[in-house]
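> kindly generate the corresponding structure for this input.
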Amino acid sequence: MIKTIAFMHRKAGITREEFAKHYEETHAPLALTLLPMFRKYARNHVTLSPGAPDPGFDCVSEFWFERIEDAMGVMEVVQSEAGRPLMEDEHSFIDSGRTVSFLVDEKISALPVIPGKPRMRRWVKAIALLKRKPGISREEYIRHYEETHVPLIIKHSPGLVGYARNHVMATGPDEPEFDTITELWYKDLDAFNASVKATRTEGEGAIPKDETSFLDMSKVKFFLVNERISRIPAVARLEAIPGSSLEGKVAIITGASRGIGNALANGFADAGAAVVLVARSPAELESTVREIESRGGEVLAVPTDVTDGAQVSQMVRRAMDAFGRIDVLINCAGGTGADRSIPLTDMDEAIWDRIVDLNLKSVYLCCRAVGKIMAEQKSGSIVNFSSGAAVHPVWGMTHYGSAKSGIVQLTRVLAVELGPYNVRVNAISPGLIDTATERKWMPPEVFEKYAKAVPLGRVGQPEDILGTALYLASDASAYVSGVVIAVGGGPQ
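Now for the predicted structure:
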């Protein structure tokens, strides 16, 4: 995702405590309401221990977006009539003339999972602002940081449980006075103190020696912060519903490497679930693992071809070995790839089999393997993915439409079969969702044609599916089973 960072200063006469209280209770909820393009929103309020130097600002705010256009769109909103309440509130407590914001290139290290580790919101977090030495180019600095310094920090910081670097991309008048905003998470304050001490003494001074070789140590700032994270809007809204928490639950999500499945993987982790990520691409899964672990999530990646029964069985065994139970199954793997827009009379049998296997057989295999476990547990929720193509004829998509129609009936019958075991089975039928895969295989003119037909006036984003998926996965929908919910911006 695209990430920006802003440094905020409180207005004169407002205490740091008053600033943080207003920011969290008034400004952040208003921003989330008026700026739906946010995919995640974090505030790091500076906290100073006695004698600690003041970094000169009060909050480091972080904003994540799906696309660069969304990041640029923030200014359009805040400068419009709709954004006036947000700007008026900002001017009431923030010294806007001193705000500095810029794009960053975020790098995240996957660190070893700590057994029984707490959620990240209970961790201790520190931020370091770093500046390169004169004469070292930004490219040389970043290369040395990532290839040499990062491994040293991880090796000699035993209490470190999360580590991210945000390398500044801004140049010119908007360029801040440092090159990297480093975020470091520790299990607790004792672990923080132990790690700080270890980085000064272990490895024969390896870290201090390396730091002085490429950092301007006179410009380094290091301080603790009180981190507050707003989940993507669907998670934030659902948290107010009784029974909606996924804390302590284990969710398997197929198709987790990209698109809707990837949004669900991140969203479910943010909502408190331990997530098992399933897809065929190990590299893409590992990227998602690093992102979730950096935020304190519990995650296991199991590369799997979900059309292969033996691989599905092995995947489920690994999930049970790791977590001991399975509470949620999200069957999101599917699609057509290049095998679309083929009339039935011209369709090879191999293409038919490939699409039906991916979109229907895979769901059968996963439901069969996980359904047995859920029946023994006497609890569980299965969420399958159908499509508008299940009920609306789409030329050249008989294979896909037939498979997705099969999902509808599979869902209803399985809800009847597993209902006596307190296992619920439902389905989501997404409309047009703006994913890289959809853009790749759908001609632009066709994409725009379908987009214009959406009653809500916009194309869906992968995160638009998250709220419904969270609802169906959680106990908030404890009396809902055998239904198919359309999430497509209105009837078309």
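> where does E227 fall, secondary structure wise?
According to DSSP states H and E, E227 maps onto strand 221-230.
> flag the shaky bits of the stretch 1-150 of the chain, pLDDT-wise.
Applying pLDDT under 70 to the stretch 1-150 of the chain flags the ranges 1, 50-51, 109-122.
> for the strand holding E227, what is the average pLDDT?
In this model, strand 221-230 has an average pLDDT of 83.
> which parts of the stretch 51-200 of the chain are helices?
Assigned by DSSP state H, counting those that start in this stretch, the helices in the stretch 51-200 of the chain fall at 68-78, 84-93, 138-144, 150-155, 189-201.
> could you pull out the strands in the stretch 301-450 of the chain for me?
328-331, 380-385, 423-430 (DSSP state E, counting those that start in this stretch).
> what's the closest of the helices of the stretch 51-200 of the chain to P53?
helix 189-201 (14.7 Å; CB to CB). C-betas here are computed from N, CA, C, even on glycine.
> please identify the buried residues of the next helix-or-strand element following the closest one?
Counting by DSSP H and E, the next helix or strand C-terminal to helix 189-201 is helix 206-214. Of the residues in helix 206-214, 207, 210-211, 214 count as buried by neighbour count, 16 or more other CB atoms under 10 Å.
> the nearest residue to G334 once chain neighbours are set aside: how many residues sit nearby?
Leaving out its chain neighbours, the residue that sits closest to G334 by CB to CB, 6 or more residues apart in numbering is N359, at 4.4 Å. Residues lying near N359 (other CB atoms under 10 Å) number 27.
> pLDDT wise, what is N359 at?
On the pLDDT scale, N359 gets 96.
> same deal with T201?
62.
> check the one 3 residues further on too.
Predicted confidence (pLDDT) at E204: the value is 49.
> try E175
Here the pLDDT value assigned to E175 is 65.
> from start to finish, how long is stretch 180-197 in a straight line?
22 Å (CA to CA, to the nearest Å).
> what are the ranges of the helices in the stretch 301-450 of the chain?
Assigned by DSSP H, counting those that start in this stretch, the stretch 301-450 of the chain shows helices spanning 309-323, 349-356, 362-377, 398-418, 436-441, 444-452.
> rank these by pLDDT, which is bottom?
That would be helix 436-441, which, of all the helices of the stretch 301-450 of the chain, carries the lowest mean pLDDT at a mean of 77.
> who does it touch, helix- and strand-wise?
helix 259-270 (3 or more CB pairs under 8 Å, 6 or more residues apart in numbering; DSSP states H and E).
> return the distance of whichever helix or strand comes after the helix it packs on from the chain's centre.
Next in sequence after helix 259-270, counting helices and strands by DSSP H and E, comes strand 274-279. Chain-centre distance of strand 274-279: 13 Å, with CA atoms, centre = their mean, to the nearest Å.
> quick one, strand 274-279 and helix 259-270 angle?
160 degrees (axes from the mean of the first three to the mean of the last three CA atoms, to 10 degrees).
> pull out the buried residues from the helix or strand just after strand 274-279.
For strand 274-279, the following helix or strand on the C-terminal side (DSSP H and E) is helix 282-294. Residues of helix 282-294 classed as buried: 284-285, 287-294 (neighbour count, 16+ other CB under 10 Å).
> okay, those in a markdown table with distance to K40 and pLDDT next?
Putting the buried residues of helix 282-294 into a markdown table (distance: CB to CB, whole Å; pLDDT from 0 to 100) gives the following:
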| residue | distance to K40 | pLDDT |
| --- | --- | --- |
| E284 | 19 | 85 |
| L285 | 20 | 91 |
| S287 | 16 | 83 |
| T288 | 14 | 88 |
| V289 | 17 | 88 |
| R290 | 15 | 81 |
| E291 | 10 | 80 |
| I292 | 12 | 84 |
| E293 | 15 | 80 |
| S294 | 11 | 69 |
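> any idea which of those is closest to E140?
Distances from E140 to the buried residues of helix 282-294, taken by CB to CB, are shortest for R290, at 24.4 Å.
> correct me if wrong: the closest one contacts G162.
No: the criterion here is CB atoms under 8 Å, and R290 misses it with G162 at 10.3 Å.
> so which of the strands of the stretch 301-450 of the chain is the most surrounded?
strand 328-331 (a mean of 29; mean count of other CB atoms under 10 Å).
> what about that one, average pLDDT?
98.
> so which elements touch that strand?
For strand 328-331, the packing partners by 3+ CB pairs under 8 Å, 6+ apart are strand 250-254, helix 259-270, helix 362-377, strand 380-385, helix 466-473.
> again, only using 10 Å
strand 250-254, helix 259-270, strand 274-279, helix 362-377, strand 380-385, helix 398-418, strand 423-430, helix 466-473 (3 or more CB pairs under 10 Å, 6 or more residues apart in numbering; DSSP states H and E).
> report the angle between the axes of the fifth one and helix 362-377?
In this case it means strand 380-385. Going by the same axes, to 10 degrees, strand 380-385 makes 170 degrees with helix 362-377.
> what do you get for the third one?
Angle between the axes of strand 274-279 and helix 362-377 is 160 degrees (criterion: the same axes, to 10 degrees).
> output strand 274-279 as CSV - backbone C-alpha positions only.
Provided in CSV are the C-alpha atoms of strand 274-279 (Å, rounded to 0.1, in the frame of the first residue of the first chain):
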residue,chain,number,x,y,z
ALA,A,274,-5.1,-15.7,14.2
VAL,A,275,-5.1,-16.1,10.4
VAL,A,276,-3.9,-19.0,8.3
LEU,A,277,-3.1,-17.7,4.8
VAL,A,278,-3.6,-20.0,1.9
ALA,A,279,-2.6,-19.5,-1.7
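> by contact count, what packs against that strand?
Short answer (3+ CB pairs under 10 Å, 6+ apart): strand 274-279 packs on strand 250-254, helix 259-270, helix 282-294, strand 299-303, helix 309-323, strand 328-331.
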